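>>> Next comes the sequence, and after it the predicted model I'd like to discuss.
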Amino acid sequence: MTEPRPDCAVAHYHEIALKGGNRPMFIRRLTDNLRKAVQGLGKIRILSPRGRILLYLNEETPWPILSERLSGIFGIANFSAAYRCPTEPEAIEALVNRLLDSKTFQTFRISARRGDKAYPLTSMELNIRLGRHVQEKTRARVDLEQPELTIHVEILQREALVYFEKLGGPGGLPVGVSGHVLSLISGGIDSPVASYLMMKRGCTIGFLHFHGYPHLTKASLEKAEELVQHLTRHQFESRLYAVAFGEVQRLIVLNVPPPLRVVLYRRFMLRIAEEIAHRERAKAIITGENLGQVASQTLDNLTVIQEAARLPILRPLIGFDKDEIIETAKAIGTYPVSIQPDQDCCRLFIPPHPSVAAQLNDIEKAERNLDVSGLVKMGLETVERMAFTFP
Ligand code: ATP
Ligand code: MG
């Protein structure tokens, strides 16, 4: 027998993450985000009776697509396909009967929760009553430790919900509660992961990519576009700024000693980023930098790079191992795009021995040979803006 179509989705969030006075705002944001996430799936009513969020489905809602969308919504700890009935124990038993027709199992347990404390039975009494009922109907055994099937029952004020499997959400905070940031996205493995982690902490993200045009192709930009489109499923709309950096790099190369180039590229990227961050009203700049991985990412160099910007630079991957970053990239689906070959502008005019311990004095001296604001302006004049939406 096939499973009956679910009446609703019930989603739970981590209570602790949402404690305190901000809670109503968090829940409002989460429901707003869900409203965007379910676009195109028919009319879906969304409610938030204490401690949970309900999405009432309609005839056309395809559960597999809805489930896929919910699995990308930050703030959701877990969710389930659920069935609704009146709160009387008889009605719950009748619904359970109907649902169990399509299931075979040897062991089970009931896990009842009361959202409505005025309900005449305690959770324990309900567990016992429904457990006995299921036992009589199916001859299956109760196993509280490792049941094959858990039958979840939630009593709300006006209705009861019955559901089985809890599917994992991504956790974190609803996108939008933590403000807007600008993420420097290369075509590499790290920066998409860094962006993902900041969204997970509730940020909305604007993206900025530097490509090596006209001295390289725009292949890295195509990857950045694909990555941004992929990440947009968590925030529903994104802007990507693309800056042609090749000519700025060439002028740096002409005027500064080779070992300092990499740090200088980075400082110019940041200066351009800061201008775009102002346009975007972004409160911080995000990078995928990670301590000690490559020459540009020693503590000395990170410090000297940071000096070029006034906005805070957040580096969510700073303490990660490369293995951990790759694992996350695979889990969030960005890895296959990131490993495609491209022409990364950072490898343009790279000297054989980049400095690993740049000193601010030397860097500032080198920059005196450059028209700093002119180069920033030159980069900004090439900026293109692209928009992405999901679904
Ligand atoms: P990634 O995998 O993100 O490219 P990486 O380990 O290769 O990181 P770098 O190439 O040194 O490290 O870059 C460090 C960070 O600088 C990146 O994570 C990204 O935030 C930023 N960055 C580097 N190149 C670009 C680029 N072409 N456009 C935008 N941001 C960049
Ligand atoms: Mg890179």
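Nice, thanks for sending it over. Ligands and ions are numbered 1, 2, ... in the order given.

>>> so which helix or strand takes in the residue lying farthest from the centre of the chain?
If you look at how far each residue of the chain sits from its centre, by Cα atoms, centre = their mean, the farthest one is E136, at 45.1 Å. Counting by DSSP states H and E, the element that carries E136 is helix 123-138.

>>> still on that earlier bit, what's the spacing between the residue farthest from the centre of the chain and K322?
Here the distance between E136 and K322 works out to 56 Å (Cβ to Cβ, to the nearest Å). Every residue, glycine included, has its C-beta placed from N, CA and C.

>>> Also Q306?
Distance, Q306 to K322, by Cβ to Cβ: 22 Å.

>>> who has more neighbours, those two?
For Q306 versus K322, neighbours defined as other Cβ atoms under 10 Å are more numerous around Q306 (17 against 12).

>>> which SS class is the closest residue to A9 other than its chain neighbours?
Excluding the flanking residues, the one nearest A9 by Cβ to Cβ, 6 or more residues apart in numbering is L55, at 4.4 Å. Three states are possible here, and by DSSP: H, G, I helix; E, B strand; the rest coil the one that applies to L55 is strand.

>>> The closest residue to F210 other than its chain neighbours: what's it in contact with?
For F210, the nearest residue in space outside its immediate sequence neighbours is F245; the separation is 4.0 Å by Cβ to Cβ, 6+ apart. Taking Cβ atoms under 8 Å, 6 or more residues apart in numbering as the contact definition, F245 lies against F210, H211, G212, Y213, Y265, F268, M269, C345, G379.

>>> Of those, keep whichever come out buried.
F210, H211, G212, Y213, Y265, F268, M269, C345, G379 (16 or more other Cβ atoms under 10 Å).

>>> Contact residues of the stretch 51-200 of the chain facing ligand 2?
Counting by Cβ under 5 Å from the ion, the positions of the stretch 51-200 of the chain adjacent to ligand 2 are S186, G188.

>>> Helices of the stretch 51-200 of the chain, start to end?
Listed from the start of the chain, the stretch 51-200 of the chain has helices (DSSP state H, counting those that start in this stretch) covering 63-70, 89-100, 123-138, 190-200.

>>> so which of the ones you listed gets nearest ligand 1?
Closest approach to ligand 1 among those (Cβ to the nearest ligand atom): helix 190-200, 3.2 Å.

>>> where does this protein dip in pLDDT?
Per-residue confidence for the chain (pLDDT under 70) gives these ranges: 1, 15-19, 293.

>>> Any idea which residue of it lies closest to ligand 2?
Per Cβ to the ion, G188 is where the chain lies closest to ligand 2, at 3.4 Å.

>>> can you pull out the strands in the stretch 151-300 of the chain?
Remark: strands assigned in the stretch 151-300 of the chain by DSSP state E, counting those that start in this stretch are 160-163, 167-168, 179-184, 203-211, 237-244, 285-286.

>>> Report whether the longest one contacts ligand 1.
Yes. For a cut-off given as Cβ under 6 Å from any ligand atom, strand 203-211 has contacts with ligand 1, namely L208, H209, F210.

>>> strands paired with that strand, and their directions?
Within its sheet, and counting by DSSP bridges, strand 203-211 is paired with strand 179-184 (parallel), strand 237-244 (parallel).

>>> export those to JSON lines and tack on mean neighbour count?
Converted to JSON lines, the strands paired with strand 203-211 look like this (neighbours: other Cβ atoms under 10 Å):
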{"stretch": "strand 179-184", "mean neighbour count": "21"}
{"stretch": "strand 237-244", "mean neighbour count": "20"}
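
>>> For Q297, find the nearest of those strands.
Relative to Q297, the nearest member of the strands paired with strand 203-211 by Cβ to Cβ is strand 179-184, separated by 13.2 Å.

>>> what distance separates that closest one from the centre of its chain?
Its chain's average C-alpha position is 13 Å from that of strand 179-184, according to Cα atoms, centre = their mean, to the nearest Å.

>>> so how many other residues sit close to the spatially closest residue to E280 that is not a sequence neighbour?
Computed as Cβ to Cβ, 6+ apart, the closest residue to E280 that is not its neighbour in sequence is G206, at 4.4 Å. By the criterion of other Cβ under 10 Å, G206 has 23 neighbours.
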